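*Asks:* Have a look at this fold, sequence not included:
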C-alpha cells in the first residue's frame, strides 16, 4: 500500500458491494486538529472511523492548524483543498473555525462582522468549486467571559448560515452544558478537551454527519453497527 501523508487517513467500511471512493477535507483550527486528545483522533477521526457508511471508502485530510483565525483559514483553504478533492470522485468540505477570532489578542481585528465576512468568503469559494459543505459551530472554553464572546459569534454564524442555506451544526449550547466537555477543558488547558470530551462532541455531531455524508453519493441506506470499521488505516 502506498505511503500516505501524515494528515491523510483512510477509513474503510465493510461491504460486499463495490466501494465508492469519497474524499473529505476538514478545515479549521486546533479543535479540528484534535488538540488535547492523546490518541490524536479528535472529533474528525472519530466521525470518519466510527461512523462510516456501507459502500464508502473515505480518504480524509485533517487541515486544522492551531491558533488560526477565520482570516487565516480564508486565505489558505482553497490552496490546500483543491489538490485533495478530485472532480471525478464524490467529496466535500467540513469547516470549523472562529473561536480564535474571539481570543483577546485577536478580537480587535476580528469583530463579529469581519468573522462573518470571512465565513462568507470561504462558503462562496467552496460553492464556486461545486463541493458540498458542512459547518461545525463554535465550541466553548473554560472562561465565562470568553464564552460570552464565542456565543455571540456562534449566533451570528448560525444566523448567516440559516439565511444562506448552509448546513450549520450548532454545538455550542450542548457542549457548554456538558459536564464532560467543560470538566475536560478545565483539566487540559482551559481551551481543549481530552478524549472523553471529543467523544461526546462526536456523538452530538453524529446525526447531522450521517445525514450529510450520505448526500455525497446519494446513498440513503441506514447505518448499523455492522457497517462501520473500527480503525482508520494509515
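*Replies:* Good, I have the coordinates. Since the structure is predicted, the reported quantities are computational estimates derived from the model, not experimental observations.

*Asks:* what's stretch 173-192 in contact with?
*Replies:* 30-31, 35-36, 99, 139-143, 147, 151, 193-194, 196-197, 200-201, 204 (Cβ atoms under 8 Å, 6 or more residues apart in numbering). Yep, even glycine has a C-beta here, placed from its N, CA and C like the rest.

*Asks:* which of the residues in it are buried?
*Replies:* By 16 or more other Cβ atoms under 10 Å, the buried positions in stretch 173-192 come out as 174-176, 178, 180-182, 184-185, 188, 191-192.

*Asks:* could you give me the average pLDDT of that stretch?
*Replies:* The average pLDDT within stretch 173-192 is 98.

*Asks:* just how off-centre is it within its chain?
*Replies:* From the chain centre to the centre of stretch 173-192 is a distance of 18 Å (Cα atoms, centre = their mean, to the nearest Å).

*Asks:* One more: stretch 97-109?
*Replies:* 19 Å.

*Asks:* now stretch 119-133
*Replies:* 15 Å.

*Asks:* list the buried ones in that stretch?
*Replies:* Neighbour-count burial for stretch 119-133 flags 119, 121-123, 125-126, 131-133 (criterion: 16+ other Cβ under 10 Å).

*Asks:* And stretch 45-60, by the same measure?
*Replies:* 45-60.

*Asks:* Next: stretch 84-92.
*Replies:* By neighbour count with 16+ other Cβ under 10 Å, stretch 84-92 contains the buried residues 84-85, 90-92.

*Asks:* Which pair in those residues has the greatest spatial separation?
*Replies:* In those, two members sit farther apart than any others by Cβ to Cβ. They are 84 and 90, at 13.3 Å.

*Asks:* just the helices in this structure please.
*Replies:* Applying DSSP state H to the chain gives helices spanning 30-33, 42-50, 70-81, 104-107, 112-129, 144-163, 172-176, 179-188, 195-215.

*Asks:* Separate out the buried members of the contacts of stretch 173-192.
*Replies:* 30-31, 35-36, 99, 139-142, 147, 151, 193-194, 197, 200-201, 204.

*Asks:* need the buried residues of stretch 173-192 in CSV with distance to residue 104, can you?
*Replies:* As requested, the buried residues of stretch 173-192 are exported to CSV (distance: Cβ to Cβ, whole Å):
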residue, distance to residue 104
174, 25
175, 21
176, 20
178, 25
180, 27
181, 22
182, 20
184, 23
185, 17
188, 20
191, 13
192, 17
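
*Asks:* so which two of those residues are the farthest from each other?
*Replies:* So for these, where distance means Cβ to Cβ, the most widely separated pair is 174 and 188, at 18.9 Å.
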